[in-house]
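*Asks:* Sequence first, predicted model second:
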Amino acid sequence: MSIDKSQIRNAATVIVLRDRHENPQILMGQRGAKAAFMPNKFVFPGGAVDPDDAKVPLCGPLTETCATRLCEDSVPDLAHALSVAAIRELWEETGLILGRPGQWSGDIPDDWRTFAATGHLPDATGLQFVFRALTPPGRPRRFDARFFLADADRIANDLDDFDAACDELSHLQWVPLARARSFDMPFITEVVLAEVEARARETTPPTSVPFFKNNDEESLFLRLRGYPMPN
C-alpha cells in the first residue's frame, strides 16, 4: 500500500538553542488538552507549510548544504517554503523574530502582517536542517516534518518576551537541555533531542540528516545526504 501524499502535510519545526556552549537550553511549550494533534505534550514551535510561504522573500537564504538535503526525497522547490514556514511558526507561537531589520516591498500575506509590522524581514541564514520525520499511519493528522536548529543569538528581539505569541502553546519556557527528557513529550521529540544533544556545540550544518520515514509498509531510519533528485 502506498502513502496517500494528499493526506500528509509538509511542516517545519524550530528548535531554538540558547547558551549552547555553557548551559544549553531549548525553547518548548505545551499543546492544549483539546488539540487534535499531540494534546498536552511539550513540543518545539512548528506547524504546517501554508501556500503563501512559497511567495515570501527571505533577506538571507538557507545554506546550500541545508537546501540540498531538504530536496532529497522531496519536491525540489520546497526548501524555500519550509524555511519560511519555520520562521513564521516561530513568530506565531512564541513571538520571537528570526530576521533582520528591513522594510517589506509589495503585498504582504495576511499571516505575515504582524511580523512585518515589527520592522524585520525573515532571515533563514541561521537555520540548520537537522532532522526529518514522517508521522506514522493511523494518526488523526500526518505531517512530513523538517526540524531546524537555530542559535538564540540569531533572534532579533528579547528572548524572554513571549507577549506576541498566539495561544497555541502554553507554558513557553527555556528548558535546560539536560532536563528536557523529564517533560511529557512525543516519542519523536525525544528522538530529535538526541540529535540536538549531539549537535549542541556544532555551528555548521550536518553532513547528513536523519530521516524517520514511516509509511504503510514499514518504518525506516534513513540518512539524507543531499543527493540530487533524479530527473
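*Replies:* Great, that's in hand.

*Asks:* Run through the neighbouring helices and strands of the strand or helix carrying residue 197.
*Replies:* According to DSSP states H and E, residue 197 maps onto helix 187-199. Where contact means 3 or more Cβ pairs under 8 Å, 6 or more residues apart in numbering; DSSP states H and E, helix 187-199 is packed against strand 8-18, strand 128-134, strand 142-151, strand 209-214. To be clear about C-beta, it is placed using only N, CA and C from the backbone, and glycine gets the same treatment.

*Asks:* Could you list the single helix or strand in the chain with the lowest mean pLDDT?
*Replies:* Using mean pLDDT, DSSP states H and E, the weakest-scoring helix or strand in the chain turns out to be strand 219-224, at a mean of 85.

*Asks:* now it against strand 209-214, angle please.
*Replies:* 160 degrees (axes from the mean of the first three to the mean of the last three Cα atoms, to 10 degrees).

*Asks:* Strand 219-224 vs strand 142-151, what angle?
*Replies:* Going by the same axes, to 10 degrees, strand 219-224 makes 40 degrees with strand 142-151.

*Asks:* sorry, back to before: would you tell me which of the helices and strands packed on helix 187-199 gets closest to residue 103?
*Replies:* strand 142-151 (23.3 Å; Cβ to Cβ).

*Asks:* show me where the chain has helices.
*Replies:* Counting by DSSP state H, the chain has helices at residues 64-71, 78-94, 113-117, 187-199.

*Asks:* if you compare these, which one is most tucked away?
*Replies:* helix 78-94 (a mean of 25; mean count of other Cβ atoms under 10 Å).

*Asks:* Can I get that one in PDB, CA atoms only?
*Replies:* Taking C-alpha atoms only, helix 78-94 is exported to PDB below (Å, rounded to 0.1, in the frame of the first residue of the first chain):
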ATOM      1  CA  LEU A  78      10.100  23.000  -1.300                       C
ATOM      2  CA  ALA A  79      13.200  24.100   0.700                       C
ATOM      3  CA  HIS A  80      12.300  27.800   0.500                       C
ATOM      4  CA  ALA A  81       8.700  27.400   1.700                       C
ATOM      5  CA  LEU A  82       9.900  25.100   4.600                       C
ATOM      6  CA  SER A  83      12.400  27.700   5.800                       C
ATOM      7  CA  VAL A  84       9.800  30.500   5.600                       C
ATOM      8  CA  ALA A  85       7.200  28.300   7.400                       C
ATOM      9  CA  ALA A  86       9.800  27.700  10.200                       C
ATOM     10  CA  ILE A  87      10.300  31.400  10.700                       C
ATOM     11  CA  ARG A  88       6.600  32.100  10.600                       C
ATOM     12  CA  GLU A  89       5.600  29.400  13.000                       C
ATOM     13  CA  LEU A  90       8.300  30.500  15.500                       C
ATOM     14  CA  TRP A  91       6.900  34.000  15.400                       C
ATOM     15  CA  GLU A  92       3.300  33.000  15.700                       C
ATOM     16  CA  GLU A  93       3.800  30.500  18.500                       C
ATOM     17  CA  THR A  94       6.500  32.300  20.500                       C
END
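
*Asks:* just checking, what packs against that helix?
*Replies:* Contact here means 3+ Cβ pairs under 8 Å, 6+ apart; on that basis helix 78-94 packs against strand 8-18, strand 25-31, strand 46-48, helix 64-71, helix 113-117, strand 120-122, strand 142-151, strand 169-176.

*Asks:* mind exporting the first one as CSV, just the C-alpha atoms?
*Replies:* These are the backbone C-alpha positions of strand 8-18, laid out as CSV (Å, rounded to 0.1, in the frame of the first residue of the first chain):
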residue,chain,number,x,y,z
ILE,A,8,0.3,14.3,4.6
ARG,A,9,1.2,18.0,5.1
ASN,A,10,4.7,19.4,4.9
ALA,A,11,5.7,21.0,8.1
ALA,A,12,8.5,22.9,9.7
THR,A,13,9.7,22.9,13.4
VAL,A,14,12.2,25.1,15.0
ILE,A,15,14.5,24.2,18.0
VAL,A,16,16.0,27.4,19.3
LEU,A,17,19.1,26.7,21.3
ARG,A,18,20.3,29.2,23.9
